[in-house]
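[1] Pasting the sequence and the predicted coordinates here, then a few questions.
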Amino acid sequence: MQSEYVLELSNIRKAYGENVVLNGVSLAVKPGEIHALLGENGAGKSTLMNILFGMTMIHETGGYEGTVKISGEEVSFTSPNDALSAGIGMVHQEFMLIPGFTITENIKLGREDTLPTVLSHLFGKSLERLDHAKMDSDARKSLDAIGMGIEEHTRIMGLPVGYMQFVEIAREIDKLGIKLLVFDEPTAVLTESEASQLLDVMKSIADKGIAIIFISHRLSEIMTAAHGMTVLRDGELVATKPVVETSVTEIAELMVGRSIDNLGIAQEETFAGKPVALSIRDLHVDMPGEAVRGVTFDVHEGEIFGIGGMAGQGKVGVANGISGLFPADGSVEVFGERLDLLKLGDALDKGLAFVSEDRRGVGLLLEESIAHNIMFRVMATRQDFLSSFGFAKLLDAGKMNKHAQDMVELLDIRCHGYRQKVGTLSGGNQQKVCLAAALTMKPRLLIVSEPTRGIDIGAKELILNYLTKLRKEEGLTVIMISSELAELRSLCDRVAIVSDGKIVSILSPNASDAEYGLAMSAIAPADPDNEKGGVQ
Amino acid sequence: MTQDVFYNKVREIFFENKVVIMFAVICLFAFYHSGMTTTMFFNELFTRFGRNTFMVLSLLIPVVAGLGLNFGIVLGAMAAQIAMFLIVLWGGSGLLGIFWVALLATPIAIVFGYLVGRMFNSMKGSEMIGGMVTALFADGFYQFLFLFVFGGVIPIAATRLMIPTGVGVLNAINIGDSPNYMRQVIDNVSMLEILNVSFIAAIAFTAGMLIYKLAKKQPITLRGEGGFSKILLFLVPLTLAYIASFVIMPFLFFLYQDRLNGLVGVRLGAVTLALYNIYQIVQSKFVLKQETTPVRYYIYLGVAALLYAITLNTIIYSGLEHVGVPVFTYLLIAGLCFFIKWFMNTRLGQNMRTAGQNRAVATAAGINVDRTRVIAMIMSTLLASYGQIIMLQNFGVMSTYGSHTQVGLYAIAALLVGGATVSRASVKHAIMGVLLFHSLFILAPFASANLMGSALIGEYFRFFAANGVIAIALVMHAWQRTTKRKAVTA
């Protein structure tokens, strides 16, 4: 039975245990169509693609409900190889390339053309020798098809990132019988000119009758390249419509628009007149996957300043750069004192505490007790909780225990006692320990990065409430970095949206959904050219 | 500017090869102080090269497949010794005896390789330490087998192989005398025999191909894929040599030898290398008409000229003059080198390279990484068992409980000295490494005896050299890696 659609996903539902991540999602793509798949982080895009590709983790967690049809035939892939042989290809966000190999070898990876040899007659096909001439000419054809003039014998190592992306694409279109290609954030690592070249390549591939699913958060790209689009939000299908019938603003609203009511929006306060607590000028941070490329902002005393944006755009890099965990460059002043960014611990000395998003890796010693985790930093930097005994410094057990008990009660850390190992606590309680450790430093400025990631709703509320309370009662200045816009808007006085390592705009929590959505797509609100989109 | 570029290039080459250069300098220093004559030194070196190189080459495939330096080759050596013992027990002798040993060692080595491969798959990233411990563990089983099972469980009538109590195998098994004469039978195959056998094999192969093509009704062509031009390239010179061996008497007498004079051997090697590279240059310039001829052909041409030139030096000349190179053993080694090169160009070889570079990418490309790794281990273990057979026949005696214990350590030390790393190794590294490591091994005792005034210290020094080189080579590679990383971040 031949169908009008290359791919039809209908009523897909997927749950990890109690947690429903996809519910009733449908998606249909015609041959030659570029179909955009949109949604915030965690909206369910990746899960949907994992289902399509039959990734093992889907089956290990109980499979999915709903049907997947390829060219009208119902299929259920159990491994990515099944999907590949059915003509579905993926251009990965992280490159699946081998740097030590040539472009040809990478394009033909696992699908080398071979010629029979004497030994292959005896021992089977795996001893056939490689047909370099054919491999080279095939690679050349694929490279020419996407307008890439580079020599096919060049090694991947040392090529610009953009070229690597094109090699990935050349590999996909070199596969015989490819029907559907998934591009997962293909432009995230590309420069502007490379990105526009990529869009042209995508269009020319689509013209050959290959369907494309295009995942991107850059709405302007969607407007120029895509024909149809599907928007997901919190695992639910929000809209499916042709791109010509919509606008950037509408898409942004569809993506972001959520019931903010249950968290509320912060009362806007102005801190503009207050003294500056933190002043950042042209900060660059070399953090892999979260690079910051020139960020400038001021935070005033007593303010809660939010930093939001998509994953991988650099919001986390800001905090890691300031705290000295990753190499950084630029000027950072804390209460008028200049930070030495290359000196690890200088931030701590100047009264700045950092709660890392990587709490198990950076924030905590999992094999140590709660008390130790709360206090080891203070001991190291302030010599607090220590008593002198001749030349030796000993732990002041009494003082430590009291403080630990106070903190456990104050933050409601659910445990058997402060001697419990942190590794055995739940994520939310671990986060509270991190917070307690940061507060024990008696900071004047607190940076919390992804404070609510991976923790349950109750703990989330408690942590957020506590941050507000601290600000009110102790006048603590807080910088909060979070992927959850709603959370930032419920708490912060101002929210900076970061994209591509730069601040797109600093918004008030009351700004509209559309404004936030546009900022997330790297479109500054003051830029009228981008207000109207559509395929020109 | 260009001078700077040149300077940087030289510096880079120097830095890349620093391990090799350092050990070469140490060898020269040791040679200077050892007071050894070149005759003695070359004799030892050529013997050791023939004895050990096959084993070192068996390490290459796992390195390419990303399994690191395989201490598991000790199991291959054990397989060879089990087979050797059984064949000796059953009265095998001569070249045919060695053939039976190899045949029997094959299934044992394959099973061992498979088991080790399966185990390494469940401990990816720690294969080196895993291999070391496995070798120690397997040695326990080996001792159990030889000390108790043989004679204790399986009754063995041949008392000449057993400890007087009848339980347990003798410490040393002589394979140098009747009824088990296998000493140097591989080394002693004469050139005439090699020529005769390869001539017959070539004829048989050509005939087989013709019959195959006729049976399949394929056209018989000279050029192109499956054409006969390549076969004739071998067949014609072989036939000529075969005829010449009947007609030209001095040639026949030359072929009657089983050892090739070292001087002739090195010069022949130099000429062959030169001719091959001239052929490549001509091919590239006039037949393929490539724009740029790869520089490496010219470099190899230079190396060949240099090699020939140094044989003219009187000290080297007199040293090489009295060296006898075991022809067949060297041909086996050369054959293995070519096989490895060829194998890396097959689908399976390419899969191994991919899996060695990045397992995740290989899996995404549809390569069964675990299976590929197991195959690599099987091949390595099998080749190591053949390497051990070559070594045993050269010694002419098998130390039942000792012959296998150090092979892993020495082979790995040799490979590292040749400039290989845990993740990168080639035939070139293996050959360079065997030459340098064994030079050091030969020279160190004499040099230190002369320098320290005690022969005993020389023996200690030999031990230190074997273990120390691994540490030094690894540290130097680590240093290289950190320097590179700095260069990237800067």
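    Yes, it's here.
[2] show me the contacts for the closest residue to chain A within chain B.
    Scanning chain B for proximity to chain A using C-beta to the nearest C-beta identifies B:A365 as nearest, at 3.1 Å. For glycine as for every other residue, the C-beta is placed from the backbone atoms N, C-alpha and C. Going by C-beta atoms under 8 Å, 6 or more residues apart in numbering or on different chains, B:A365 touches A:M96, A:L109, A:G110, A:R111, B:T354.
[3] Can you give me the distance of the first one to A:P275?
    So the one you mean is A:M96. With the distance defined as C-beta to C-beta, to the nearest Å, A:M96 ends up 51 Å from A:P275.
[4] mind listing what's buried in the helix or strand bottoming out on mean pLDDT in chain B?
    Counting by mean pLDDT, DSSP states H and E, the weakest-scoring helix or strand in chain B turns out to be helix B:455-489, with a mean of 69. Residues of helix B:455-489 classed as buried: B:G458, B:F461, B:R462, B:A465, B:A466, B:V469, B:I470, B:I472, B:A473, B:M476, B:H477 (neighbour count, 16 or more other C-beta atoms under 10 Å in any protein chain shown).
[5] Looking at the stretch 51-200 of chain A, which residue is nearest chain B?
    For the stretch 51-200 of chain A, C-beta to the nearest C-beta, closest residue to chain B: A:G110, 3.1 Å.
[6] Now that residue, what are its backbone angles?
    phi 80, psi -10 (degrees, to the nearest 10).
[7] Same question for B:A384.
    For B:A384, the backbone dihedrals (degrees, to the nearest 10) come out as phi -60, psi -40.
[8] Can you name the residues that contact it?
    Taking C-beta under 8 Å, 6+ apart as the criterion, B:A384 is in contact with B:M55, B:S58, B:I73, B:V74, B:L75, B:G76, B:A77, B:A80, B:A109, B:V407, B:A411.
[9] I'd assumed B:L57 was in contact with the last one.
    Translated: B:A411. No. The pair B:A411 and B:L57 does not pass the contact test of C-beta atoms under 8 Å, sitting 9.1 Å apart.
[10] residue ranges of the strands in the stretch 251-400 of chain B, please?
    For the stretch 251-400 of chain B, the strands defined by DSSP state E, counting those that start in this stretch occupy B:259-261, B:324-326, B:397-399.
[11] Format these as TSV; extra columns: mean pLDDT.
    Conversion of the strands of the stretch 251-400 of chain B to TSV gives the following (pLDDT from 0 to 100):
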stretch	mean pLDDT
strand B:259-261	88
strand B:324-326	90
strand B:397-399	92
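[12] Let me know which of those is tucked in deepest.
    Across the strands of the stretch 251-400 of chain B, averaging neighbours per residue (mean count of other C-beta atoms under 10 Å in any protein chain shown) puts strand B:324-326 on top, at a mean of 21.
[13] for that one, packing partners?
    Here strand B:324-326 touches helix B:38-57, strand B:259-261, helix B:262-282, going by 3 or more C-beta pairs under 8 Å, 6 or more residues apart in numbering or on different chains; DSSP states H and E.
[14] Return the most buried member of those.
    With neighbours taken as mean count of other C-beta under 10 Å, those reach their highest mean count in helix B:38-57, at a mean of 22.
[15] any idea how far that helix is from the chain center?
    Averaging C-alpha positions (C-alpha atoms, centre = their mean, to the nearest Å) puts helix B:38-57 11 Å from its chain's average.
[16] Extract the C-alpha set from the following helix or strand past that helix and format it as PDB.
    Sequence order places helix B:60-64 as the next helix or strand after helix B:38-57, per DSSP states H and E. Output for helix B:60-64, consisting of C-alpha atoms alone and laid out as PDB, is shown next (Å, rounded to 0.1, in the frame of the first residue of the first chain):
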ATOM      1  CA  LEU B  60      49.700  -4.700  16.300                       C
ATOM      2  CA  ILE B  61      46.100  -5.800  15.500                       C
ATOM      3  CA  PRO B  62      44.700  -5.300  19.000                       C
ATOM      4  CA  VAL B  63      46.300  -1.800  19.200                       C
ATOM      5  CA  VAL B  64      44.600  -0.800  16.000                       C
END
